[in-house]
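Student: I'll drop the sequence and a predicted model, then ask my questions.
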Amino acid sequence: MGFPGTWMTVNESVIYRVVPKCACSTIGQIMFYSDHGEFFDGDIHDAEDGIHKWAIESSQQLITKAVKGREVYSFTCVRNPYTRVLSSFFDKICGIQRNGKRYRGKLVPLLIQKYGIEVGGPDGTEEFDQIESFRRFLLFVRDTIRFRKPMDPDIHWSATSGHVSTFIANGGRYNHIFWTEDFNAGMQTVLDNIETPHQVDLAKIPRFNESEGHGPKRAHPVEDYFDDLSRHLMWEIYHRDFKLFRYDFDNPANKMPTGEIDLDEIHAKLG
C-alpha cells in the first residue's frame, strides 16, 4: 500500500499528505519554493522532479524511510465537506480541464444520461439549474462511495478522512493538521517547525488555485444547494469528516470549524 498522495521536499524538511480540493496546489508550490527559491513553472501536480512524490518510483523508498522514521515534520490540510464537494462539482463535472477536455472522458456524459444533470453546455458557459444538477451529482457521489457504482469513488470527492487515514494506517504520524479556511495560520505553524534552504513569507505567496476558471461560477450561497435530502446524503458520506475536523454539519452557511482538531483522536480513530 505504501503512502499514496504523499509529497516531501527534496531536502527532506517536511512531508505532506495531499488531500484533493484542500489548497494542495498552493501547499505544493510552497514546498517547492522552500527548496529552490522559486516556484514550479506550471501546475505543481505535473512536476516530476524538484519534489519527492509517492507517484514517482524513485521517491518511494525515501518517503517510506522518512515517514516511518517519524523524524521529518508531517502535516496535512482539510476543508469543510460542504464547500469541498461543491468545488468538485463546479471544477471537475462542469468545467473543462487543463487538457481542454472533460474530466475523466466519459464521466460527464454518463452523469447526464444516468442522473439527468446539466453542466452548462459543451464549455460550461450556458445557464443551467445549478442547484438541481448539484443535488443529482451528490446522489451519484453517494452511489460511488456506498455501492462503488456506477464507478469507484474519485479522489476529489471521496471523504477527506479516507485520504488522511492511509498515512496513519501504514505507519505515519501527523505533527499538524490544519484547515484550508484558516490557511495562513495553519501553514505558518508548519513553517515555524521546519528548517528550509529558502525562507517562505506567506504574506507574499500567491494562491495557486489550479481549478479556478475551469467551470461556471457558483451562482448561489453554499446553503442554497443543500436541502434536507442533500444534507442527509452529506452526513451519510462525510460524517467522519464533520466530526473529526470539527466542521458545522447543522449550518452549511458556516464554513469555519467549530473547535480544535484533536490529533490523538484522529490517530486513534483513523489508525
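Tutor: Arrived safely. Numbers count the residues shown, from 1 in each chain.

Student: Every contact and neighbour count from this point should use C-alpha atoms.
Tutor: OK.

Student: where does Ser74 land in three-state SS?
Tutor: At Ser74 the chain is in strand, as set by DSSP: H, G, I helix; E, B strand; the rest coil.

Student: didn't it look like it was pressed against Val14?
Tutor: Yes: counting by C-alpha atoms under 8 Å, Ser74 does reach Val14; the two are 5.9 Å apart.

Student: Ends of stretch 189-199, what's the gap?
Tutor: Stretch 189-199 has an end-to-end distance of 14 Å (C-alpha to C-alpha, to the nearest Å).

Student: buried set for it?
Tutor: Neighbour counts over stretch 189-199 (16 or more other C-alpha atoms under 10 Å) mark 190-191, 196 as buried.

Student: mean confidence for that stretch?
Tutor: Mean pLDDT, stretch 189-199: 97.

Student: how about the strands in the stretch 151-271 of the chain?
Tutor: For the stretch 151-271 of the chain, the strands defined by DSSP state E, counting those that start in this stretch occupy 176-179.

Student: mind showing which ranges of it have poor pLDDT?
Tutor: Applying pLDDT under 70 to the stretch 151-271 of the chain flags residues 210-213.

Student: Kindly confirm my reading that Val141 is in a helix.
Tutor: Yes: per three-state DSSP, Val141 lies within a helix segment.

Student: surely it meets Ala159?
Tutor: No: using C-alpha under 8 Å, Val141 is not in contact with Ala159, being 10.4 Å away.

Student: Between the two, which is the more surrounded one?
Tutor: Val141 (26 against 21; other C-alpha atoms under 10 Å).

Student: And the contacts of stretch 164-184?
Tutor: For stretch 164-184, the surrounding residues in contact (C-alpha atoms under 8 Å, 6 or more residues apart in numbering) are 1-4, 6, 17, 19, 22-23, 67-68, 70, 73-79, 186-187, 190, 202, 255-257, 261, 263, 267, 270-271.

Student: Now restrict the residues you listed to buried residues only.
Tutor: Members of these classed as buried by 16+ other C-alpha under 10 Å are 3, 6, 17, 19, 22-23, 67, 70, 73-79, 186-187, 190, 255-257, 261, 263, 267, 270-271.

Student: Which of those fall in helices?
Tutor: 67, 186-187, 190, 263, 267, 270 (DSSP state H).

Student: Please identify which pair of the residues you listed lies farthest apart.
Tutor: With C-alpha to C-alpha as the measure, no two of these lie farther apart than Met187 and Leu270, at 22.6 Å.

Student: Leu139: what's it in contact with?
Tutor: Per C-alpha under 8 Å, 6+ apart, neighbours of Leu139: Leu233.

Student: Can you tell me how far it is from Lys114?
Tutor: Distance from Leu139 to Lys114, by C-alpha to C-alpha: 11 Å.

Student: same deal with Gln130?
Tutor: Taken as C-alpha to C-alpha, the span from Gln130 to Lys114 is 17 Å.

Student: between these two, which one's more packed in?
Tutor: Each of Gln130 and Lys114 has its neighbours counted (other C-alpha under 10 Å); Gln130 has more, 22 against 12.

Student: Could I get the phi/psi values of the more buried one?
Tutor: phi -60, psi -40 (degrees, to the nearest 10).

Student: Next: Lys53.
Tutor: The phi/psi pair for Lys53 (degrees, to the nearest 10) is phi -140, psi 150.

Student: Over to the one 4 residues further on?
Tutor: For Glu57, the backbone dihedrals (degrees, to the nearest 10) come out as phi -60, psi -40.

Student: Now do it against Phe75, distance only.
Tutor: Relative to Phe75, and taking C-alpha to C-alpha, Glu57 is found at 22 Å.

Student: Excluding covalently adjacent residues, which one is nearest to Phe128?
Tutor: Of all residues not flanking Phe128 in the chain, Gly120 sits nearest, at 5.6 Å (C-alpha to C-alpha, 6 or more residues apart in numbering).

Student: I'd say Phe40 and Ala47 touch.
Tutor: Yes: at 7.3 Å, Phe40 counts as touching Ala47 under the criterion of C-alpha under 8 Å.

Student: Many thanks, I have nothing further to ask.
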